[in-house]
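*Asks:* What follows is a predicted structure for the sequence shown.
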Amino acid sequence: MAEDVADRPLTLEEKKAQARTRAKAARRAQEAGDAFVTISPAAADYIRTNAREQGRPEGVRLRILAGGCAGLEYNLDLLEPGESAGAADREVESSGVTMLMDLKSAIQVTGSVIDYEEGLLRRGFRINNPNATATCSCGDSFS
């Protein structure tokens, strides 16, 4: 009987193949003019409110960094005044908010939805990332 891929760690070649697939999807989405990351209306409202309060543009920069309990972590910052997309950046417009990210980060989050939730136990951004194979309990990091 064939071994189920979900029951074992991925090989280096399988990881490379998945990365190539994500990179192609990110490029196709950008070329088609599609938002390869979606910002929910609740997240957009929170971003706009905080940007206005701090005198910044209505947008964020998303970075994927090594670290966190699951291996990679999300880093989301408001754009600085005058900050715009550089040559190596990908720019997404969703729910009236601009998001900038480098290519490596874009590849990791293609197809993701960024939401903002406010509850008794948790308040903050929640990123639903279809590329994540595992997440930590707080949702701030993934692998």
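*Replies:* The structure has been received and is ready for your questions.

*Asks:* need the next SSE after the helix or strand hosting T21, C-terminal direction.
*Replies:* In this structure, T21 is located in helix 12-31 according to DSSP states H and E. Later in the chain than helix 12-31, the nearest helix or strand by DSSP H and E is strand 37-39.

*Asks:* Tell me which other helices or strands that next one touches.
*Replies:* Using 3 or more Cβ pairs under 8 Å, 6 or more residues apart in numbering; DSSP states H and E as the contact criterion, the elements in contact with strand 37-39 are strand 89-94, strand 97-102, strand 112-118. C-betas here are computed from N, CA, C, even on glycine.

*Asks:* Pairing partners for that strand, with directions?
*Replies:* On the basis of DSSP bridges, the sheet neighbours of strand 37-39 come out as strand 112-118 (parallel).

*Asks:* can you list contacts of the strand it pairs with?
*Replies:* Outside of strand 112-118, the residues that reach it under the criterion Cβ atoms under 8 Å, 6 or more residues apart in numbering are 37-40, 42-43, 45-46, 62, 76, 99, 123-131.
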